[in-house]
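>>> Below is the structure, and that's it, no one-letter string:
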Ligand SMILES: CCCCCCCCCCCCCCCCCCCC(=O)SCCNC(=O)CCNC(=O)[C@H](O)C(C)(C)COP(=O)(O)OP(=O)(O)OC[C@H]1O[C@@H](n2cnc3c(N)ncnc32)[C@H](O)[C@@H]1OP(=O)(O)O
């Protein structure tokens, strides 16, 4: 190698070395604290950088199934050597622009098509934040660990085995009584505690209910029985901490039709949140004493492959209003409580937007106005809690293969934040609670 090239290389290396030594003490500041609830925003600042230094911020967590979720964003420090995520723009990476919580909602799984899994919400997620030089040396300049918790101090998590009922109960701190909410998740079975544990922090006793493939519940099902949900509601209402008689329901996807049936056919359900569900029984028949709601017909010729090579099943569930599906429709006009229908306009799992329209038309046709509707343009199927990593595709429990769930990451993340406020407001309003209202 010619001497001049060698000297140039040594100079470049020592320049990078000096830069990284100079900024090795970059401080990552987290406000209000490095220990926050999963659904709480936080502010992050990196100080002690070289003025105008280009850095990459990286976030990483490992979920309860061992899947690593990561995000990164490139920033340019200001003239005082600071990157403030509340005001600085990400120039490239997992997101661009000013996104104070971008490092959280834009995390993507290393194992493609994975959903962030938290099995036991009594422990937090630990998110590692790293600040790295963007030069080819890529030195770590600073780091921090952020704890994202699911339960406030004093909240209680109690696994439930009562009669046939299986799930987990979450109690807010204090003696109560609090309004009760039954949380139903989606197809695939198991138990999902994330939404329920966070909702309990807002002043509700929440029973996250498993309905199959969990503990000693059946591994597979051929139909659902309304009586199981009745047993769960009776149990929830019987708790001294629960203010009755009216309770709330929250559902998503497949459990949307279950929630409509529970609210319409069982007594004392005062408020039902339906997120991207259907207005007719789906996938499995629903047995309700002597009445059976058959599953709405599917047309698998409607399966298509989208531009990313992913299966799209949006039109596979046929129109619930079609003659062939009349017996599957849930008679929601029988419900005495209130409904919050939430529909994502880019739901590629099924046409939840149409189903919400049909449900509200049915209520109006029966002279009822006991509902609110919120629609999210460009949001996808899995609407969850704030800052949940976007889940645009995954293995579908009914299809057994990866399907597209739709949505735009940024719009979907904003919908999470907006919806979470609406859900709390809706439950506080209709479940007669005066506590926590001030915060909303
Ligand atoms: C072009 C060619 C195409 C060909 C396709 C042909 C297909 C034709 C069929 C067409 C049918 C079309 C029907 C359309 C109907 C559409 C409408 C249906 C309604 C919906 O859309 S519902 C939305 C669907 N939702 C999902 O799919 C959920 C997303 N997916 C997932 O969550 C997961 O991937 C899934 C599917 C649940 C499976 O994940 P998996 O890893 O297998 O399982 P789990 O992680 O859930 O469970 C593993 C294991 O852990 C136990 N478990 C669960 N929770 C807990 C807990 N909290 N604590 C402890 N243990 C837990 C669970 O019981 C499991 O134990 P096992 O012993 O059973 O392994």
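Now that the structure is in, tell me what you want to look at. Small disclaimer: the values here were computed from a predicted structure and weren't measured. Residues are numbered from 1 along each chain as shown.
>>> what's the helix or strand for residue 180?
In this assignment (DSSP states H and E), residue 180 forms part of strand 178-184.
>>> next structured bit after the helix or strand containing residue 356?
Following DSSP H and E, one finds residue 356 within helix 352-365. Note on helix 352-365: by DSSP H and E, the next helix or strand toward the C-terminus is strand 371-376.
>>> Report the rounded mean pLDDT for that following strand.
What strand 371-376 shows for mean pLDDT is 98.
>>> Over to stretch 305-318?
Stretch 305-318 comes out with an average pLDDT of 96.
>>> Can you tell me what sits against it?
Applying CB atoms under 8 Å, 6 or more residues apart in numbering, the external contacts of stretch 305-318 come out as 278, 282, 296-300, 302-304, 324-325, 347-351, 393, 396, 399, 401-404, 406. (C-beta placed from N, C-alpha, C; glycine too.)
>>> and that stretch, how far apart are its ends?
Between the opening and closing residues of stretch 305-318 there is a gap of 18 Å (CA to CA, to the nearest Å).
>>> pLDDT weak spots in the stretch 1-150 of the chain?
1-24 (pLDDT under 70).
>>> The closest residue to the ligand within it: neighbouring residues, count only.
As assessed by CB to the nearest ligand atom, the ligand sits closest to residue 119 within the stretch 1-150 of the chain, at 4.4 Å. Residues within reach of residue 119, counting by other CB atoms under 10 Å, total 13.
>>> from memory it sits against residue 150, does it?
No. Counting by CB atoms under 8 Å, residue 119 sits too far from residue 150 to count as a contact (11.1 Å).
>>> Overlap in contacts, those two.
Taking CB under 8 Å, 6+ apart as the contact criterion, the common neighbours of residue 119 and residue 150 are residue 193.
>>> Give me the longest helix you can find in the chain.
helix 409-430 (DSSP state H).
>>> relative to strand 178-184, how tilted is it?
Using axes from the mean of the first three to the mean of the last three CA atoms, to 10 degrees, the interaxial angle of helix 409-430 with respect to strand 178-184 works out to 140 degrees.
>>> List the pairing partners of the helix or strand containing residue 128 within its sheet, with orientation.
Secondary structure assignment for residue 128, by DSSP H and E: strand 125-133. Counting by DSSP bridges, the strands paired with strand 125-133 are strand 54-62 (antiparallel), strand 140-149 (antiparallel).
>>> hmm, back to that, near the ligand, from the contacts of stretch 305-318?
282, 298, 300, 303, 349, 350, 396, 399, 401 (CB under 6 Å from any ligand atom).
>>> re earlier: and the residue of the stretch 1-150 of the chain closest to the ligand, how far from residue 212?
17 Å (CB to CB, to the nearest Å).
>>> before we move on, what about residue 368?
32 Å.
>>> And residue 388, by the same measure?
Distance from residue 388 to residue 212, by CB to CB: 24 Å.
>>> Up against the ligand, what does the stretch 101-250 of the chain have?
So far as CB under 6 Å from any ligand atom goes, the stretch 101-250 of the chain lies against the ligand at 115, 119, 186, 187, 188, 189, 190, 191, 213, 214, 219.
>>> From those, which land in strands?
Of those, none are assigned to strands by DSSP state E.
>>> For those residues, I'd like a selection string for PyMOL - just the buried members, please.
Here is the PyMOL command that selects the buried residues among these (16 or more other CB atoms under 10 Å):
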select buried, resi 115+186+187+188+189+190+191+214
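>>> Tell me, how many residues neighbour the nearest residue to residue 133 once chain neighbours are set aside?
In space, and not counting its chain neighbours, residue 133 is closest to residue 139: 4.6 Å by CB to CB, 6 or more residues apart in numbering. Counted by other CB under 10 Å, the residues lying close to residue 139 total 15.
>>> Now, of the contacts of stretch 305-318, which are buried?
Using 16+ other CB under 10 Å as the burial test, the contacts of stretch 305-318 include 278, 282, 296, 298, 303, 325, 347-351, 393, 396, 403-404, 406 as buried.
>>> a markdown table for the strands paired with strand 125-133, including distance to residue 40 and mean neighbour count?
Shown next, in a markdown table, are the strands paired with strand 125-133 (distance: least, CB to CB, whole Å; neighbours: other CB atoms under 10 Å):
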| stretch | distance to residue 40 | mean neighbour count |
| --- | --- | --- |
| strand 54-62 | 16 | 19 |
| strand 140-149 | 8 | 18 |
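>>> got a list of what the closest residue to residue 162 other than its chain neighbours touches?
Spatial nearest neighbour of residue 162, chain neighbours left out: residue 235 (5.2 Å); criterion: CB to CB, 6+ apart. By CB under 8 Å, 6+ apart, the residues touching residue 235 are 160, 162, 163, 165, 207.
>>> isn't the last one right up against residue 185?
No. Taking CB under 8 Å as the contact criterion, residue 207 and residue 185 are not neighbours in contact, 12.0 Å apart.
>>> hang on, the earlier thing: name the residues that touch the helix holding residue 356?
Helix 352-365 has contacts (CB under 8 Å, 6+ apart) with 256, 260, 274, 276-280, 319-321, 329, 332-333, 339, 341-345, 347, 369-371, 373, 375, 381.
>>> how much does that helix deviate in direction from strand 371-376?
Here helix 352-365 points in a direction 160 degrees away from that of strand 371-376 (the same axes, to 10 degrees).
>>> Can you point out the buried residues in helix 352-365?
For helix 352-365, the buried set under the neighbour-count rule, 16+ other CB under 10 Å, comprises 352, 353, 354, 355, 356, 357, 358, 359, 360, 362, 363.
>>> any chance of those residues in TSV, plus pLDDT and distance to residue 314?
Listed next are the buried residues of helix 352-365 as TSV, based on pLDDT from 0 to 100; distance: CB to CB, whole Å:
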residue	pLDDT	distance to residue 314
352	98	10
353	98	10
354	98	10
355	98	12
356	98	15
357	98	15
358	98	16
359	98	18
360	98	20
362	98	22
363	98	24
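>>> between those, which is nearest the ligand?
Distance to the ligand across the buried residues of helix 352-365 (CB to the nearest ligand atom) is lowest for residue 352, with 9.4 Å.
>>> sorry, back to before: of the residues of the stretch 101-250 of the chain next to the ligand, which is the nearest to residue 425?
Lowest distance from residue 425 to these (CB to CB) belongs to residue 186, with 23.6 Å.
>>> Can you tell me how far that closest one is from residue 384?
In terms of CB to CB, residue 186 sits 11 Å off from residue 384.
>>> what sits in contact with each of these two?
Residues touching both residue 186 and residue 384 by CB under 8 Å, 6+ apart: residue 252.
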